[in-house]
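In: quick one: sequence plus predicted model below, questions after.
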Amino acid sequence: MEKKVSHCRKIPAADGSRTFHEKPFHVTSVAMPTLRQATKDDIMLIHELAQQAFPATYRDLLSRDQMEFMMDWMYSPANLLKQMEEGHVYFIATHEGEYCGYLSVQLEGPGVFHLQKIYVLPGFQGKHIGSYLFRQAVSYIKGIHPAPCQMRLNVNRYNTRAVEFYNRMGMKEVERGDFHIGHGYYMTDYIMGLDIA
């Protein structure tokens, strides 16, 4: 028999703001992933995980050439090292002993953090791992910045599944634009934000 356990869910405030408040709810008990902070020794692992997650996410949204360019731009070992040196903090998730996803967070400015990456591998979709990773990103930020702040991220405007997910997690569009990334390619993104109290 499945066991029901009580948790606290973070929900937007009643006044419509995106500030998190606690609300108890009940979910079916399932094995949750584990998360650890990555080091430079994990660069090749992150590169390999991205080779699974990134193409699966964008195969219907980007041309093959743009996908290859962005994979090198974001996930070549040299660029991953550069990101870490610039303050990107990576985390790697495992589920029942298997790698299942990753995320990275960076301090962008005073009181503003950027969720640079959050991906779940294709074989682990639908297991609530994405929401777990999102909550862990928020927890990490609160742990290093106890004062109120904001977490932002970029999401492709045409990735409706991701946009809907971030809306469910309490994020709100704060900006949109076409951001040139080189070689004539653009990221057609929403920038979404979440106020963290």
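Out: Alright, I've got the coordinates.
In: please make it C-alpha for all contacts and neighbour counts, starting now.
Out: Fine.
In: could you pull out the helices for the protein?
Out: Counting by DSSP state H, residue ranges of the helices within the chain are 43-58, 64-75, 77-85, 129-144, 160-168.
In: quick one: contacts for the spatially most central residue of the chain?
Out: With distances taken as CA atoms, centre = their mean, the residue of the chain nearest its centroid is I118 (2.5 Å). Shown in contact with I118 (CA atoms under 8 Å, 6 or more residues apart in numbering): 101-104, 130, 133-134.
In: what about stretch 119-137, distance to the chain center?
Out: 9 Å (CA atoms, centre = their mean, to the nearest Å).
In: can you list contacts of that stretch?
Out: 32-33, 49, 52-54, 56, 93, 100-103, 105, 115, 118, 169.
In: out of the residues you listed, which is most surrounded?
Out: Within those, neighbour counts (other CA atoms under 10 Å) peak at G101, which reaches 27 neighbours.
In: in contact with it, which residues?
Out: 49, 92-94, 118-121.
In: would you list those residues in CSV and tack on distance to I181 and pLDDT?
Out: Shown next, in CSV, are the contacts of G101 (distance: CA to CA, whole Å; pLDDT from 0 to 100):
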residue, distance to I181, pLDDT
L49, 22, 98
I92, 26, 99
A93, 28, 98
T94, 31, 98
I118, 19, 98
Y119, 20, 98
V120, 24, 98
L121, 25, 98
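In: most widely separated two among these?
Out: T94 and I118 (13.7 Å; CA to CA).
In: closest to I196 out of the helices of the chain?
Out: helix 129-144 (7.5 Å).
In: put the alpha carbons of that closest one into CSV.
Out: The C-alpha trace of helix 129-144 is given here as CSV (Å, rounded to 0.1, in the frame of the first residue of the first chain):
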residue,chain,number,x,y,z
ILE,A,129,12.3,15.5,-10.5
GLY,A,130,12.1,18.9,-12.3
SER,A,131,10.1,20.4,-9.4
TYR,A,132,12.5,18.8,-6.9
LEU,A,133,15.4,20.4,-8.7
PHE,A,134,13.6,23.8,-8.8
ARG,A,135,12.9,23.7,-5.1
GLN,A,136,16.5,22.8,-4.4
ALA,A,137,17.7,25.8,-6.4
VAL,A,138,15.5,28.0,-4.3
SER,A,139,16.7,26.4,-1.1
TYR,A,140,20.3,26.8,-2.1
ILE,A,141,19.8,30.5,-2.8
LYS,A,142,18.0,31.0,0.5
GLY,A,143,20.9,29.3,2.2
ILE,A,144,23.5,31.7,0.9
